[in-house]
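# Let me see the structure of the following:
(one chain, ligands or ions: 2)
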Amino acid sequence: MNIDYSQLIPNNVDLAGDRTLQRALERWQPAFLGWWNDTGPIDSTDLQVYLRTAISVDRDGWANFGYVRMPEYRWGIFLVPGDEDRKIHFGDHMGQPAWQEVPGEYRSTLRRIIVTQGDTEPASVEQQRLLGKTAPSLYDMRNLFQVNVEEGRHLWAMVYLLHRYFGKDGREEAEYLLERRSGDTNNPRILTAFNEQTRHWLAFFMFAFFTDRDGKFQLSSLAESAFDPLSRTCRFMLTEEAHHMFVGESGVARTIQRTCEVMKERGLTDPAEGRQHGVIDLNTLQKFVNFHCSVTLDLFGSEVSSNAATYYTTGLKGRYEEGKRPDDHRLSSDEYLVLDMENGKIVEKRFPALTALNARLRDDYIEEIQAGLNRWNRIPEQMGIPFRFKLPHVAFHRKIGNFAGTFANPNGELMSEAEWNQRRDEWLPSESDHKYIESLMGQVLEPGKFANWIAPPARGINGRPIDFEYVRFN
Ligand SMILES: [Fe+2]
Ligand SMILES: [Fe+2]
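Numbering: from 1, shown residues only. Ligands and ions are numbered 1, 2, ... in the order given. Take a look at the predicted model:
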């Protein structure tokens, strides 16, 4: 399954064998490049960035590293190899052959799923447009740009599906994907979390840890889909997504590391201290955990949802790791426990497992981010600092689902709206917290040097040293 780079659009789907499709995508390509130039990383056209490019979709050795000017990055269409015998492995169609074309009755639902996923990809590039200007090192700048070009490629992945399988409507949707803009009042991106600003690198790292991981869970459940081309493209996207989550998790870890080092050196014991020494205090970091976690939980949708049940029974979207679960894969008589509000209290309630699929995917997600927090917590632990990060309660700061409109603190204790508003800044980043972090952000361009607020990584990219020239400016 090597990728053909001799084509205008690199691909492993034999694009040359379908001239109509090829021409349509070749018409979309300049519009994509126009979008990249308008909304991609600012002032980055001439930079040479040490990027990886996919050369094969095999498990090992799919990446090639080298200096690339980003507008010349070879965005293309890469699917993992098809399995002719693949069968649908959950829902009402279980046991039937996976679909190679879109069944008419699911056409509009599948199109909506693909458009919603596709819309998040360019949105995050737009949100991160200015960050290169304040990169804390060349290593970090390179990682940001790697994430950006790959989100651009994820857009290609969804646009290929729209063009290839959805005819005229699909081509129109592909154009709209380039027209919406993150944060635009008239034509915003579809999901709220993708219209929030990414004001600084801490927000970027938190976003890559929390929100890219939501992407992983959504892609994982689409990788189970009965619609085989969607499954195959999502499986390849997941290999790219792993790096984005690494960038987020290690970026936050290095920030914690640096703060703890300064606390140790200066003999600080209060987690609110550190600002006078130019690092981000642990209490402020916890507020960013609270914010990014809660807005990302909203992306899973309502805990109890008849749409989620329909997506599952019709085979459009499976559970996380559906294939590995030892049950009947129909869930018609199973139940699932979900937290809900009842008479002003948070209670645990049983729901049919089918309608509770969003809650279940969210719970699988929480298990993974908790494991990430446990890894972060080893840093203060090893340095003898008693502070530990905690995930906020699922009822905290929610706009969607069972806890929308309730007022709970990060421990899940309910209170009045007035009290919540009064205490908000104890739990969520305030304007002055953002301003403080922005004040730390200054571009560091000398290879091997890092801004004061963040520790260097343990190792470089692709076996290169940490002081490697990851970005060249000529
Ligand atoms: Fe993505
Ligand atoms: Fe991503």
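
# Wondering if the longest helix seen in the chain reaches ligand 1 at all.
Using DSSP state H to define each element, the chain has its longest helix at helix 228-266. No. Interface with ligand 1: helix 228-266 contributes nothing (CB under 5 Å from the ion), its closest point being 6.0 Å away. In short, each C-beta sits where N, CA and C put it, glycine included.

# Just give me how far that helix sits from the chain centre.
Relative to the centre of its chain, helix 228-266 is centred 10 Å away, using CA atoms, centre = their mean, to the nearest Å.

# Same question for stretch 401-415.
Centroid separation between stretch 401-415 and its chain, computed with CA atoms, centre = their mean, is 25 Å.

# Now for residue 78: which residues touch it?
Going by CB atoms under 8 Å, 6 or more residues apart in numbering, residue 78 touches 3, 10, 11, 12, 54, 57, 153, 157, 233, 236.

# Now with 10 Å, please.
1, 3, 10-13, 54-57, 62, 153, 156-157, 160, 232-233, 236-237, 239-240 (CB atoms under 10 Å, 6 or more residues apart in numbering).

# in stretch 443-454, what's buried?
444, 447, 450, 451, 453, 454 (16 or more other CB atoms under 10 Å).

# how much space between the fifth one and ligand 1?
Yep, that's residue 453 we're talking about. Distance of residue 453 to ligand 1, computed by CB to the ion, to the nearest Å: 27 Å.

# residues near the closest residue to residue 261 other than its chain neighbours, how many?
For residue 261, ignoring the flanking residues on the chain, the nearest one in space by CB to CB, 6 or more residues apart in numbering is residue 455 at 6.8 Å. Residues lying near residue 455 (other CB atoms under 10 Å) number 18.

# so which helix or strand takes in residue 455?
Using DSSP states H and E, no element contains residue 455; it sits outside every helix and strand.

# before we move on, the earlier item: among the buried residues of stretch 443-454, which one lies nearest to ligand 2?
For the buried residues of stretch 443-454, the residue nearest ligand 2 by CB to the ion is residue 454; the value is 20.7 Å.

# Around ligand 2, pick out the residues from the stretch 101-250 of the chain.
Neighbours of ligand 2 within the stretch 101-250 of the chain, by CB under 5 Å from the ion: 212, 241, 244.

# which of the residues you listed has the most neighbours?
Result: residue 244 is most packed of those (other CB under 10 Å), 25 neighbours.

# Now the residue in the chain that ligand 1 sits nearest to: which helix or strand?
Closest contact between the chain and ligand 1, by CB to the ion, is at residue 154 (3.7 Å). Following DSSP H and E, the helix or strand that holds residue 154 is helix 138-165.

# Quick check: nearest residue in space to residue 398, chain neighbours excluded?
residue 404 (5.6 Å).

# So that neighbour sits against residue 301, correct?
No. The pair residue 404 and residue 301 does not pass the contact test of CB atoms under 10 Å, sitting 11.3 Å apart.

# Of the two, which one has the most company?
A count of neighbours by other CB under 10 Å puts residue 301 above the other of residue 404 and residue 301, at 18 against 12.
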